[in-house]
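Visitor: got a structure for you, letters missing:
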């Protein structure tokens, strides 16, 4: 498979893990969900990590890993709270804001600047967010153009996913720097194993009930962990063959898969409008990617 097929598979695997988490584990605490997604996924990738030769891991590489771990775990914890508490159609699309935030982080860390195409991409992402909350704009006296943006603030899941998106704008830049020290084939399994171990230390070491949670719904846990493992392996193999910006742009199709899952499994309303909003946001992401951002 080429990088495009790998990236689409990565996006589908991520959306499937989200849908399964919401379908079968929505009664779990956010920390337990993080443990399932990172812990089980890391355990499944451990044989792949041990099977291949290890490169020399420099102090600089470990420094980036230390910076990444709290950000990655915090982002996933907020991510799980968002999809557990709100419809997928009102949470997953806000991952499209990651490249918008990347413009700021890319400028700070990499000195990258926004082109006209990047600016247009930002506007399309914002328009998509507005369209997702169009119902809030309608009132008895006419159309309140700012109401959809106020609705984002009121919808807890949307708000949490926006914060998650901002954190991912940092992790995408920092992991790109860490990846310079090793190969993508090594980094994917290694990263997930380390984040899985760190998650166990953070959540399970202080609460024995988190370990008990792993004993419930074993098939759902295995399916979610397998999806996360597929997601991370295809993610880093795709990155090895194309610029990160383009790969991330295609991977954001996960929000469309998530919307379809939302309509199919949870009977979420407004699929046509939501898909139109999602397509607008993905078009914006592609324009931002063409800017050559991170």
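Guide: Happy to help now that I have it. All of these numbers come straight from a predicted model, not from anything done at the bench. Numbers count the residues shown, from 1 in each chain.
Visitor: what's the following helix or strand after whichever strand or helix holds residue 105?
Guide: Element membership for residue 105 (DSSP states H and E) is helix 98-110. As assigned by DSSP H and E, the chain's next helix or strand after helix 98-110 is helix 116-132.
Visitor: That next one packs against which elements?
Guide: On a contact count with 3 or more CB pairs under 8 Å, 6 or more residues apart in numbering; DSSP states H and E, helix 116-132 meets helix 98-110, helix 147-154, helix 271-290. Quick note: C-beta positions are derived from backbone N, CA and C, even for glycine.
Visitor: got the angle for the last one vs helix 116-132?
Guide: Computed with axes from the mean of the first three to the mean of the last three CA atoms, to 10 degrees, the direction of helix 271-290 lies at 160 degrees from that of helix 116-132.
Visitor: Show residues contacting helix 271-290.
Guide: Contact with helix 271-290 is made by 89, 93, 96, 99-100, 102-103, 115, 117-118, 120-129, 131-132, 134, 243, 245-246, 248-249, 252-253, 255-256, 259-260, 262-263, 268, as judged by CB atoms under 8 Å, 6 or more residues apart in numbering.
Visitor: which of the residues you listed count as buried?
Guide: Buried by 16 or more other CB atoms under 10 Å: 89, 93, 96, 99-100, 102-103, 118, 120-122, 124-126, 128-129, 131-132, 134, 245-246, 248-249, 252-253, 255-256, 259-260, 262-263, 268, out of the contacts of helix 271-290.
Visitor: what's near enough to touch the residue nearest to the spatial centre of the chain?
Guide: Nearest residue to the geometric centre of the chain (CA atoms, centre = their mean): residue 95, 6.3 Å. By CB under 8 Å, 6+ apart, residue 95 lies in contact with 161, 164, 165, 168, 252, 254, 255.
Visitor: Helix, strand, or coil at residue 56?
Guide: Look at residue 56: counting by DSSP: H, G, I helix; E, B strand; the rest coil, its state is coil.
Visitor: Compute the distance between it and residue 158, please.
Guide: Residue 56 sits 43 Å away from residue 158, going by CB to CB, to the nearest Å.
Visitor: tell me the average confidence for the host helix or strand of residue 31?
Guide: Element membership for residue 31 (DSSP H and E) is helix 30-34. The pLDDT scores in helix 30-34 average 90.
Visitor: just stretch 96-105 next, same as before
Guide: Regarding stretch 96-105, the rounded mean pLDDT is 76.
Visitor: just checking, what packs against the longest helix anywhere in the chain?
Guide: Assignment by DSSP state H gives helix 59-85 as the longest helix of the chain. Under the contact definition 3+ CB pairs under 8 Å, 6+ apart, helix 59-85 sits against helix 3-25, helix 30-34, helix 156-179, helix 184-199.
Visitor: Check those for me and report the most buried one.
Guide: Comparing the helices and strands packed on helix 59-85 by mean neighbour count (mean count of other CB atoms under 10 Å), helix 30-34 ranks first with a mean of 23.
Visitor: pretty sure residue 52 is in contact with residue 182, am I right?
Guide: No: when contacts are counted by CB atoms under 8 Å, residue 52 is not listed as touching residue 182 (10.9 Å).
Visitor: So for these two, which sits in the more crowded spot?
Guide: The neighbour comparison of residue 52 against residue 182 (other CB atoms under 10 Å) goes to residue 182, with 18 against 12.
Visitor: show me what contacts the residue nearest to the more buried one when sequence neighbours are not counted?
Guide: Leaving aside its sequence neighbours, residue 182 sits nearest to residue 55 (CB to CB, 6 or more residues apart in numbering; 5.0 Å). By CB under 8 Å, 6+ apart, residue 55 lies in contact with 181, 182, 183, 186.
Visitor: want to try CSV for those, with distance to residue 84 and pLDDT as columns?
Guide: Below are the contacts of residue 55 laid out as CSV (distance: CB to CB, whole Å; pLDDT from 0 to 100):
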residue, distance to residue 84, pLDDT
181, 35, 90
182, 34, 89
183, 35, 85
186, 33, 90
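Visitor: Go through those residues and say which is closest to residue 199.
Guide: residue 186 (20.2 Å; CB to CB).
Visitor: Lowest-confidence entry in the contacts of residue 95?
Guide: For those, the weakest pLDDT value sits at residue 252, with 81.
Visitor: How much space separates that one from residue 93?
Guide: Applying CB to CB to residue 252 and residue 93 gives a distance of 9 Å.
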